[in-house]
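>>> predicted model follows, preceded by the sequence.
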Amino acid sequence: MRLSVLQAAIASASVLLSAQPVSAKQHGHRHAHDEYAKRHTHGHQAGEVLSAPKVARKATCSLPDDPDLVHVPGAENNGFAMSPDEPCEDGKWCPIACKSGKVMAQWKPNTGYTYPESMYGGLYCNGGKLEKPFSKSPYCVDGTGTIKAVNKAGKIVSFCQTVLPGNEAMIIPTDVTDTATLAVPGPDYWAGTAAHYYINAPGVPASKGCVWGTITEPIGNWSPYVAGANTVANGQTYVKIAWNPEFLAAPLAKTLPSFGLKIECPDGGCNGLPCSIDPSKDGVNGLSSSVGTKGVGDANFCVVTVPKGKTANIVVFNTDGSEGPATSAKPSSQPPPTTSTVAKPTSTSTTSVALTSSSSAGVSSTTPFSSSTTSDVFVGGLFQEDAAEGETRYYNSTVSSTAAAVSTTGNNAPAAITSIAPSPSNNDAAADQGGSAIAGLVVALVAAAALI
């Protein structure tokens, strides 16, 4: 099996299978986050600008015009899934955003989940010309199609996917008006990693929510909930919903979100149900699950295993019980429209999310996994900024407790790099991008296995 290593903290929970400990191995996500954040946390006086030496600009590349690609608005990023003031320029790997349901199919071959290799997603900019590392593969390919987002809240809901390989910013948008297929990677995806999403409240479109945000509002990095999913080699899919520890650590945690999440399996056969977050019943950081547990920052989460050939839904609902179709007429499977300009994020956002006062609560009906369970386990990385250690692993009971670092050649190592003539994209779909780096959330995706 593949092993993917994610740097983050997971001190609050240890994962065991058949009483075998798993060794930890660091990777450079913290470094990637720091580099991303530096671009948005500094300022210059006018005098500094006037006296700064002139630096020759490197040749830049533009996002190709392709129906599977989503143009991420910004400034210098030229449509790539990068920070708005980071150009895709000579010598850089430039990650790409794919439309809903599809995953990136291009990255630097033979790279693993260590910094800076974890940043080398997308296409290579060589002297103003893009090079396609896997010449026989498209820019994007269909995900496994096993997980859908279902909106029962009556207002548009944005699921914001993080960029990996890349800077792990939550800038790949999916606006859900009714039902949308989420991008779920299979076992051949880069370094065996999972897809990760930040979920904003009903009424917050991707143009407002798929950004870094500010600590004063429960959107973006401080959205209440996160989710993750991936399909492994035996065909099973693991899907997780969780509280966002960044939300819990902020003053925002003093209020109750007015919406919740639950996992449903219309085809039946799933393991791990019920798995739901309803703050009106369980309070802040509460959930209902027979196998729920705490992750980083004491954030509660639960995981459901979806059998091969079946599907599951992440359902967004209003906690007051009201339902209705979303007001937007846009198809839910398409990303939101792009605005012509994107301002850098400030603390003056006017987006409002209904919240009600409440106190914290714990997990309802939490019981440990049975030690007799034989299912495989995926411990997935859903990012957390605070501590810089942790890991992402997929393993089963036959794997040694000493884990090896993962490297990947993607679909297959390319016979030759293919150059792409640069062309401006006319794709108007994407979310506003800006702000600082993704912090994210480190949690485990666990399915029917020993968890202590």
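Perfect, thanks for sending it. Residues are numbered from 1 along each chain as shown.
>>> quick one, strands of the stretch 151-300 of the chain?
Taking DSSP state E, counting those that start in this stretch, the strands of the stretch 151-300 of the chain run over residues 157-162, 170-176, 179-181, 195-199, 225-231, 237-243, 255-257, 259-264, 275-277, 287-289, 293-294, 300-306.
>>> any residues touching the host helix or strand of Val316, and which ones?
If you go by DSSP states H and E, Val316 is part of strand 312-318. With C-beta atoms under 8 Å, 6 or more residues apart in numbering as the test, strand 312-318 has contacts from 146-154, 157, 176, 179, 182, 199, 202, 227, 237, 239, 241, 258-266, 270, 304, 306, 323. (C-beta placed from N, C-alpha, C; glycine too.)
>>> what is the burial count for Ser322?
11 (other C-beta atoms under 10 Å).
>>> now it: closest residue in space, sequence neighbours ignored.
Spatially, and ignoring its direct neighbours in sequence, Ser322 is nearest to Gly154 (6.5 Å; C-beta to C-beta, 6 or more residues apart in numbering).
>>> I'd say that neighbour and Phe259 touch.
No. Counting by C-beta atoms under 8 Å, Gly154 stays clear of Phe259, with 10.2 Å between them.
>>> between these two, which is the more surrounded one?
Between Gly154 and Phe259, counted using other C-beta under 10 Å, Phe259 has the larger neighbour count: 27 against 16.
>>> kindly provide the distance from that one to Met119.
Using C-beta to C-beta, to the nearest Å, Phe259 is found at 33 Å from Met119.
>>> which of the contacts of strand 312-318 are buried, as a ChimeraX select command?
To isolate the buried ones among the contacts of strand 312-318 in ChimeraX, judged by 16 or more other C-beta atoms under 10 Å, type:
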select :146,147,148,149,150,151,152,153,154,157,176,182,199,202,227,237,239,241,258,259,260,261,262,263,264,265,270,304,306
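>>> the residue lying closest to Pro279 once chain neighbours are set aside bridge partners, please.
Excluding its sequence neighbours, the residue lying closest to Pro279 (C-beta to C-beta, 6+ apart) is Leu256, at 4.6 Å. According to DSSP bridges, the residues that bridge with Leu256 are Thr356.
>>> what's the weakest-modelled helix or strand in this structure?
Every helix and strand of the chain was ranked by mean pLDDT, DSSP states H and E. The lowest is strand 392-395, at a mean of 28.
>>> what's the local residue count around Ala321?
For the record, residue 321 is Gly, not Ala. The local packing of Gly321 (other C-beta under 10 Å) involves 7 other residues.
>>> where does it fall, secondary structure wise?
Gly321 is part of no helix or strand when elements are defined by DSSP H and E.
>>> can you list phi and psi of the residue nearest to Ser322 for me?
The phi/psi pair for Gly154 (degrees, to the nearest 10) reads phi 90, psi -10.
>>> gap between it and Thr177?
Applying C-beta to C-beta, the value for Gly154 to Thr177 is 10 Å.
>>> how about Lys92?
35 Å.
>>> cool, and Ser280?
Note on Ser280: its distance to Thr177, by C-beta to C-beta, is 24 Å.
>>> of the two, give the one with the bigger neighbour count.
Set Ser280 next to Thr177 and count neighbours by other C-beta under 10 Å: Thr177 wins out with 20 against 17.
>>> and the next element down the chain from the host helix or strand of Tyr124?
Tyr124 is part of strand 123-126, with elements assigned from DSSP H and E. Next along the chain after strand 123-126, taking DSSP H and E as the criterion, comes strand 129-132.
>>> and that following strand, what's buried?
Leu130, Glu131, Lys132.
>>> what do you get for stretch 58-76?
Using 16+ other C-beta under 10 Å as the test for burial, stretch 58-76 gives 60-64, 66, 68-75.
>>> okay, that stretch in PDB with CA atoms only?
This file holds the C-alpha atoms of stretch 58-76, laid out as PDB (Å, rounded to 0.1, in the frame of the first residue of the first chain):
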ATOM      1  CA  LYS A  58      10.900  36.400 -15.400                       C
ATOM      2  CA  ALA A  59       8.800  35.100 -18.200                       C
ATOM      3  CA  THR A  60       5.400  34.100 -17.100                       C
ATOM      4  CA  CYS A  61       2.900  31.500 -18.200                       C
ATOM      5  CA  SER A  62      -0.900  31.600 -18.400                       C
ATOM      6  CA  LEU A  63      -3.500  29.000 -17.700                       C
ATOM      7  CA  PRO A  64      -4.400  26.900 -20.800                       C
ATOM      8  CA  ASP A  65      -7.800  27.200 -22.200                       C
ATOM      9  CA  ASP A  66      -9.400  23.900 -21.400                       C
ATOM     10  CA  PRO A  67     -13.000  23.000 -20.400                       C
ATOM     11  CA  ASP A  68     -11.900  21.000 -17.400                       C
ATOM     12  CA  LEU A  69      -9.900  23.800 -15.900                       C
ATOM     13  CA  VAL A  70     -11.200  26.400 -13.400                       C
ATOM     14  CA  HIS A  71      -9.600  29.800 -13.700                       C
ATOM     15  CA  VAL A  72      -8.800  30.900 -10.100                       C
ATOM     16  CA  PRO A  73      -9.100  34.700 -10.100                       C
ATOM     17  CA  GLY A  74      -6.400  36.800  -8.500                       C
ATOM     18  CA  ALA A  75      -3.800  39.200  -9.700                       C
ATOM     19  CA  GLU A  76      -0.400  37.700 -10.800                       C
END
